[in-house]
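In: how would this look folded up:
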Amino acid sequence: MDIPSKYEPGKAESRWYSYWMEQKFFHSTPDEREPYTIVIPPPNVTGVLHMGHMLNNTIQDVLVRRARMQGKNACWVPGTDHASIATEAKVVAKLKEEGIEKRNLTRDEFLEHAWKWTHKHGGIILEQLKRLGASCDWDRTLFTMDEKRYDSVIKVFVDLYNKGMIYRGVRMVNWDPQAMTAVSDEEVNYTDEKSKLYYVRYRIVGEDGYITVATTRPETILGDTAVCANPEDERYTHLKGKKVIVPMVDREVPFIFDSYVDKEFGTGCLKITPAHDINDYEIGIRHKLPSVDVFNDDGTISERAGMFAGVDRFVARDLAEKELKARGNLVKVESYNNKIGRSERTNAVIEPRLSLQWFLKMKDISKPALDAVMDGEIHLHPSKFKNLYRHWMENVHDWCISRQLWWGHRIPAWYYDNTEFVVAETEAEALELARKKSGNNSLKPGDLRQDEDVLDTWFSSWLWPITSFDGINDPKNRDYNYYYPTNDLITAPEILFFWVARMIIAGYEYKGEKPFSNVYLTGLVRDQQRRKMSKSLGNSPEPIELIEKYGADGVRVGMLLCSPAGNDLLYEDSLPEQGRNFANKIWNAFRLVMHWQVDDGISQPESSKAAVKWMNEALKKDIHDIELNFKKFRISEALMIVYKLFWDEFSGWYLEIIKPEYQKPIDRKTYGATIEIFENLVK
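Out: Numbers count the residues shown, from 1 in each chain. Next comes the predicted model:
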């Protein structure tokens, strides 16, 4: 047998992967076997493979391949997420390069460009996952905006609205002035940034005195509707019932007291701008304060502010500082380190802002999902995340589900008057409802106007385990009732609430049972300085280049060896190199054994007999330990057992004991036992 002296992963991996695909070894259809199901956390259609994907999908592949070896009918469903904000931003940027502005296009024209971009770029990450060796059922590849998924999302919106769980109202949201849309909490990244703390004097009405307020955002003074102190702060008790004058706009506002105010921060006085701060908003509700929105959608100052109209918010900050100084209201300015929220998609500084949006009531619908994890029906691995999950779910807020974009699932609400609307799956159904609601049977299709907003991307992905098998449109279909609930979910802890919890909520709402049994939360891939891997920092290697250099198996082994359950992985290039060396060790052992000559006439030596017995016992013990580790999702530990078993016990000891003398044959019994041991080790 002519076996090359060195293992070449590039040739072997591409050849065998093509063979597996041709033979449809990854494809699953319902049968009499026990199903094992994983749905992939759908990567953004805009995305390319990064180190986190490599770790996450390697773990999924390990679990799926193991399930197949156990005789289960394993189904791993792949797909991509339409990623409203990210995709729209990419398309807008591409159009700008071509000299086209979004505002000059109709919605349909823009969507035509978006679909073209998606068809061209949307499959890149899935092809890269194939390079990694992911054994997904590629015949089942889904997209959150394909026809069945789209229809499912619309059905769920209408259903929840009809149940009284979805409403439209003005609430505080995270506003991205660059994308000009509300974004979820998960899409806001907080970083420590150098800022300024401005100390500003507010004159007390009817007195010569002043009170001083500290703020990091003097431009929002234009929207102040109160000044507040802690009721236990004796410095300000004499101001009960008094009013103060807001600088620059000369607005008289009440001086109020609320226990939220920190007596130790700044001067102990807080300016209250209900339209632009979530805590101020809550105070405003408690004290029935009016709200003054001083920003336009793009982050410029609004006409309602009274001055600086049309000026960018950060330019207005400098102008406000100068104006306050000129009026004698600026006491001092200090350097200040502040946590700034930035949009994950555009990096724009987020504005907390009152906005008319669609919301889903979360309190009641969340309870079964909380109980499922607390009662152990669904297991989080590591279990340390259980308390975090409970904290989130016990303090859940209504979910802002609307986004001011064109790319996404369009909200199925139709307006037949300026403010009157109906919610329906189709325009024809909406017209019928509008006629009944208004009593006007002469309404025509052209009299209806559909809501311009689309749904939050998470509003489609929270249905992912159900819609992967078309369970909303056709809850009686064979696939849905065979593959659902799924078994294991592998994902990152930062989306435990934003995705995992919501999928659990949807599972109980629409199927009456859990969507999966186990949630394995991986750590983050970090560099040796413990920084999160990112292309912006330049500390993240290109995954495909790593695969080309070390082989897919080498990369997978290297990452898993240093990824203990739930803890971060500190990456360095020695890891995939170690993985490649392991693959080469297996190859060399294979070459050694395959080159032996076998003689049926030779008796088995006692030393070989003892070695075979010892190796089989070691294998049996380690398989038991491996199984225990799999049950606890300690995949790194399971791999380390295999690594040591093959490298040390099998290659370092067993083969050395039983190998024949130079150019002499081995006995048939030892050889047969060795081939069996080798095969079990490879499995």
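
In: per-residue confidence for the closest residue to residue 236 other than its chain neighbours?
Out: Spatial nearest neighbour of residue 236, excluding adjacent residues (C-beta to C-beta, 6 or more residues apart in numbering): residue 229 at 4.0 Å. C-beta here means a position set from N, CA and C on the backbone, and glycine is covered the same way. We have a pLDDT of 96 for residue 229.

In: against residue 420, how distant is residue 229?
Out: Here the criterion is C-beta to C-beta, to the nearest Å. By it, residue 229 lies 44 Å from residue 420.

In: same question for residue 492.
Out: Taking C-beta to C-beta, one finds residue 492 at 43 Å from residue 420.

In: swap in residue 119?
Out: Taking C-beta to C-beta, one finds residue 119 at 38 Å from residue 420.

In: next: residue 213.
Out: As judged by C-beta to C-beta, residue 213 and residue 420 stand 43 Å apart.

In: which one of these two has more residues nearby?
Out: Applying other C-beta atoms under 10 Å to residue 213 and residue 420 shows that residue 213 carries more neighbours, namely 27 against 11.

In: that one looks like it's in a strand, true?
Out: Yes - assessed with DSSP: H, G, I helix; E, B strand; the rest coil, residue 213 lies in a strand.

In: bridged to it, which residues?
Out: Note on residue 213: beta-bridge partners residue 200, judged by DSSP bridges.

In: residues contacting it?
Out: 199-202, 227, 266-267, 269-271 (C-beta atoms under 8 Å, 6 or more residues apart in numbering).

In: same question for residue 153.
Out: Counting by C-beta under 8 Å, 6+ apart, residue 153 touches 144, 409, 455, 459-460, 463, 467.

In: dump the residues you listed into a markdown table; add distance to residue 604 as well.
Out: Listed next are these as a markdown table, based on distance: C-beta to C-beta, whole Å:
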| residue | distance to residue 604 |
| --- | --- |
| 144 | 61 |
| 409 | 69 |
| 455 | 70 |
| 459 | 67 |
| 460 | 63 |
| 463 | 61 |
| 467 | 59 |
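
In: which of these fall within strands?
Out: Using DSSP state E, the members of these that fall within strands are residue 455.

In: for the contacts of residue 153, which one is nearest residue 571?
Out: Of all those, residue 571 sits closest to residue 144, with 29.9 Å by C-beta to C-beta.

In: excluding chain neighbours, what is closest to the residue nearest the centre of the chain?
Out: Nearest to the mean C-alpha position of the chain, by C-alpha atoms, centre = their mean, lies residue 495 at 4.6 Å. Spatially, and ignoring its direct neighbours in sequence, residue 495 is nearest to residue 186 (6.4 Å; C-beta to C-beta, 6+ apart).

In: can you pull the pLDDT of the one you found?
Out: Looking at residue 186, its pLDDT reads 74.

In: please name the residues that touch it.
Out: So residue 186 contacts 344, 458, 494-495, 497-498 (C-beta under 8 Å, 6+ apart).

In: need the residues you listed in JSON lines with pLDDT and secondary structure, can you?
Out: What follows is the contacts of residue 186, written out as JSON lines (pLDDT from 0 to 100; DSSP: H, G, I helix; E, B strand; the rest coil):
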{"residue": "344", "pLDDT": "83", "secondary structure": "coil"}
{"residue": "458", "pLDDT": "95", "secondary structure": "helix"}
{"residue": "494", "pLDDT": "86", "secondary structure": "helix"}
{"residue": "495", "pLDDT": "90", "secondary structure": "helix"}
{"residue": "497", "pLDDT": "92", "secondary structure": "helix"}
{"residue": "498", "pLDDT": "89", "secondary structure": "helix"}
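
In: narrow these to just the buried residues.
Out: Neighbour-count burial (16 or more other C-beta atoms under 10 Å) applied to these gives 344, 458, 495, 497-498.

In: ok, back up a step: my guess is the residue nearest to residue 236 contacts residue 269. True?
Out: Yes - with contact defined as C-beta atoms under 8 Å, residue 229 reaches residue 269; the gap is 5.4 Å.

In: what do these two both touch?
Out: 236, 261.

In: element containing residue 173, please.
Out: According to DSSP states H and E, residue 173 maps onto strand 166-176.

In: same question, residue 33
Out: Going by DSSP H and E, residue 33 is not in any helix or strand.

In: in this structure it contacts residue 74, no?
Out: No - counting by C-beta under 8 Å, residue 33 stays clear of residue 74, with 9.2 Å between them.

In: and these two? which has more neighbours close in?
Out: Neighbours per residue, other C-beta under 10 Å: of residue 33 and residue 74, the larger number sits with residue 74, 24 against 12.

In: pretty sure that one belongs to a strand, no?
Out: Yes - judged by three-state DSSP, residue 74 forms part of a strand.

In: correct me if wrong: it contacts residue 60.
Out: No - if you go by C-beta under 8 Å, residue 74 and residue 60 don't touch, sitting 10.7 Å apart.

In: where does the stretch 1-150 of the chain dip in pLDDT?
Out: In the predicted model of the stretch 1-150 of the chain, residues 1 satisfy pLDDT under 70.

In: all helices for it, in order.
Out: Here the stretch 1-150 of the chain has its helices, by DSSP state H, counting those that start in this stretch, at 9-22, 51-69, 84-97, 107-121, 124-131, 147-162.

In: so what angle separates the directions of the last one and strand 166-176?
Out: Translated: helix 147-162. Helix 147-162 and strand 166-176 are oriented at 110 degrees to each other (axes from the mean of the first three to the mean of the last three C-alpha atoms, to 10 degrees).

In: going by neighbour count, list what's buried in helix 147-162.
Out: By 16+ other C-beta under 10 Å, the buried positions in helix 147-162 come out as 148-161.

In: what of the shortest one?
Out: Along helix 124-131, the positions that meet the burial threshold by neighbour count (16+ other C-beta under 10 Å) are 124-126, 128-131.

In: grab the nearest non-local neighbour of residue 298.
Out: Spatial nearest neighbour of residue 298, chain neighbours left out: residue 177 (5.5 Å); criterion: C-beta to C-beta, 6+ apart.

In: list the residues that contact that neighbour.
Out: With contacts defined as C-beta under 8 Å, 6+ apart, the neighbours of residue 177 are 295, 297-299, 313, 348-349, 351.

In: any chance of those in CSV, plus pLDDT?
Out: Output for these, formatted as CSV (pLDDT from 0 to 100):
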residue, pLDDT
295, 95
297, 94
298, 94
299, 95
313, 97
348, 94
349, 96
351, 94
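
In: any of those residues buried? List them.
Out: 295, 297, 299, 313, 348-349, 351.

In: rewinding a little: helix, strand or coil for the residue nearest to residue 495?
Out: Classified using three-state DSSP, residue 186 is helix.

In: then residue 663?
Out: Strictly by three-state DSSP, residue 663 counts as coil.

In: what pLDDT does it get?
Out: 87.

In: number of nearby residues for it?
Out: Residue 663 has 6 neighbouring residues, counting by other C-beta under 10 Å.

In: and residue 374, by the same measure?
Out: 15.

In: and for residue 192?
Out: Neighbours around residue 192, by other C-beta under 10 Å: 9.

In: need the contact list for it.
Out: Counting by C-beta under 8 Å, 6+ apart, residue 192 touches 337-340.

In: one more: residue 591?
Out: Residue 591 neighbours (C-beta under 8 Å, 6+ apart): 3, 5.

In: quick check: the gap between it and residue 670.
Out: 18 Å.

In: now do residue 600
Out: 12 Å.

In: backbone phi and psi for residue 613, please?
Out: Main-chain dihedrals, residue 613, degrees, to the nearest 10: phi -60, psi -50.

In: got any ranges where the stretch 501-650 of the chain has weak pLDDT?
Out: Counting by pLDDT under 70, the ranges of the stretch 501-650 of the chain that qualify are 535-536, 565-566.

In: which one of residue 600 and residue 670 has more residues nearby?
Out: Taking neighbours as other C-beta under 10 Å, residue 600 and residue 670 compare with residue 670 leading, 24 against 9.
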